[in-house]
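A.B. asks: Got a sequence here, can you model it:
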Amino acid sequence: MSRADTTIVKDIEKIRRLALKHGLSRVLRNMPFKAMRDLEFEYRYLLYKARFGQADSDIYVSTYSKSGTTWAQIILYQLTTAGDMGFDHLFDISPWVWYAAIRETTLAETPAPRILKSHDAYRRFERGHRGRIICVLRDGRDVCVSLYHHRRNFKRYTGTFEQHVDHFLYNTDYNWFDHLRPWLENRNELAIHYVHYEDLKANFDTTVLRIAQFCGIEVDDAILDRTRKQSSFSSMKQHELQLGPRNSHFAGREKTSPYFVKNPDQFIRRGEVGDGLRNLTAAQLVAFRERFDRSFAGIQQVARYR
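C.D. replies: Residues are numbered from 1 along each chain as shown. Coordinates of the predicted model:
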């Protein structure tokens, strides 16, 4: 268990301001302009975050999508609790504030240390942000392949793999390269521990013990053994329907939901290392390296992915 202060700190004045802004934006969100809907969600999300608060004992799992987020959440859940897998859904024991804001539903209250999922941009974590951050890194080529299947199975994507690769390399809304660079630079001096997905695959025990040490969690052999078993691919596959998005989460809002689950049994798909090298064409691999060199020159944390 983490020894950090478990007091949840909330900025009441900030909450008041955001509630006012969000109330005004809700009046405008039904206008036929996407910008108005985006603004309303921005204030809604910021209000959710402010009301949720921060604690020194919080542990964030911060990733780019399909980089081992759920795996890390289950690992930390096993390390910090008795590890009961009888929960209804992962977000009941490891909240994701963004997802709750999208659904406009109440966030689960969990004991300290709170294990929190985040795909947020680095700018969302200002200097002095409370809590520790586990930043999981995965080879972008593998992420690209995994994200393609996720978009087809859990989103509304109908494009080809070639179109997806182009989107992965060059889109500006949510881009692996642009997302990771500020997290690696860490100019706000946040408490970050970087974990490579491939190290979890190749040397699970050592990598997990380093995570535990960073988070101030005491781990004995029994806890480590249980964590290894409950976070194995076979165990997570067994609990798959408890881990991924559900259409029922957006009942009555199907047309506006960013999720549309077609294959719920494909959330835990393969989890292998090297899918990118096996599935990307030679030309796509060259394009990836060129994009990589422009984004990560001199950053050793991801040099292995070049």
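
A.B. asks: Secondary structure element for residue 269, which one?
C.D. replies: Using DSSP states H and E, residue 269 maps to neither a helix nor a strand.

A.B. asks: from what I can see it touches residue 146, true?
C.D. replies: Yes: with contact defined as Cβ atoms under 8 Å, residue 269 reaches residue 146; the gap is 6.8 Å. For the C-beta atoms, the positions are set from N, CA and C on the backbone; glycine is no exception.

A.B. asks: Comparing those two, which shows the higher neighbour count?
C.D. replies: Neighbours were counted for residue 269 and for residue 146 using other Cβ atoms under 10 Å; residue 146 has more, 21 against 17.

A.B. asks: what residues are up against that one?
C.D. replies: Taking Cβ atoms under 8 Å, 6 or more residues apart in numbering as the criterion, residue 146 is in contact with 66, 269-270, 275.

A.B. asks: My reading is that it lies in a helix. Confirm?
C.D. replies: Yes: membership of residue 146 in a helix is supported by DSSP: H, G, I helix; E, B strand; the rest coil.

A.B. asks: Could you report the distance from it to residue 66?
C.D. replies: The gap separating residue 146 from residue 66 is 4 Å, by Cβ to Cβ, to the nearest Å.

A.B. asks: ranges for the strands of the stretch 1-150 of the chain?
C.D. replies: Counting by DSSP state E, counting those that start in this stretch, residue ranges of the strands within the stretch 1-150 of the chain are 59-62, 115-118, 132-137.

A.B. asks: Let's have these in CSV, adding distance to residue 226, mean pLDDT and mean neighbour count.
C.D. replies: Output for those, formatted as CSV (distance: least, Cβ to Cβ, whole Å; pLDDT from 0 to 100; neighbours: other Cβ atoms under 10 Å):
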stretch, distance to residue 226, mean pLDDT, mean neighbour count
strand 59-62, 18, 98, 26
strand 115-118, 16, 98, 22
strand 132-137, 19, 98, 22
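
A.B. asks: coming back round to it: check pLDDT for the contacts of residue 146 and point me to the minimum.
C.D. replies: Note: of the contacts of residue 146, the lowest pLDDT belongs to residue 270, at 87.

A.B. asks: I'd like the next helix or strand past the helix or strand containing residue 184.
C.D. replies: Take DSSP H and E as the rule and residue 184 turns out to sit in helix 176-185. Following helix 176-185 in sequence order, the next helix or strand is strand 192-196 (DSSP H and E).

A.B. asks: Please name the strands paired to that next one in the sheet, noting orientation.
C.D. replies: Sheet pairing here is set by DSSP bridges, and for strand 192-196 it gives strand 132-137 (parallel).

A.B. asks: The strand it pairs with vs helix 176-185, what angle?
C.D. replies: Interaxial angle, strand 132-137 versus helix 176-185 (axes from the mean of the first three to the mean of the last three Cα atoms, to 10 degrees): 140 degrees.

A.B. asks: Off-centre distance for strand 132-137?
C.D. replies: Average the C-alpha atoms of strand 132-137, do the same for its chain, and the two points are 10 Å apart (Cα atoms, centre = their mean, to the nearest Å).

A.B. asks: do the same with stretch 275-283
C.D. replies: Distance, stretch centre to chain centre, for stretch 275-283: 24 Å (Cα atoms, centre = their mean).

A.B. asks: How about residues contacting it?
C.D. replies: With contact meaning Cβ under 8 Å, 6+ apart, stretch 275-283 is reached by 139-146, 161, 165, 285, 288.

A.B. asks: Any buried residues in that stretch, and which?
C.D. replies: Across stretch 275-283, burial judged by 16 or more other Cβ atoms under 10 Å covers 275-276, 280.

A.B. asks: Put the alpha carbons of stretch 95-104 into PDB.
C.D. replies: Taking only C-alpha atoms (Å, rounded to 0.1, in the frame of the first residue of the first chain), the coordinates of stretch 95-104 have been written out as PDB:
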ATOM      1  CA  PRO A  95     -11.800   5.200 -12.800                       C
ATOM      2  CA  TRP A  96     -11.300   7.000 -16.100                       C
ATOM      3  CA  VAL A  97     -12.500  10.500 -15.700                       C
ATOM      4  CA  TRP A  98     -12.700  11.200 -19.400                       C
ATOM      5  CA  TYR A  99     -15.000   8.200 -20.000                       C
ATOM      6  CA  ALA A 100     -17.300   9.200 -17.100                       C
ATOM      7  CA  ALA A 101     -17.500  12.700 -18.600                       C
ATOM      8  CA  ILE A 102     -18.300  11.400 -22.000                       C
ATOM      9  CA  ARG A 103     -21.100   9.300 -20.500                       C
ATOM     10  CA  GLU A 104     -22.200  12.000 -18.100                       C
END
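
A.B. asks: I'd like to check what contacts that stretch. Which residues are they?
C.D. replies: Outside stretch 95-104, the residues that reach it (Cβ under 8 Å, 6+ apart) are 41, 44-45, 48-49, 52, 91, 106-108, 110, 114, 116-120, 249-250, 257-258.
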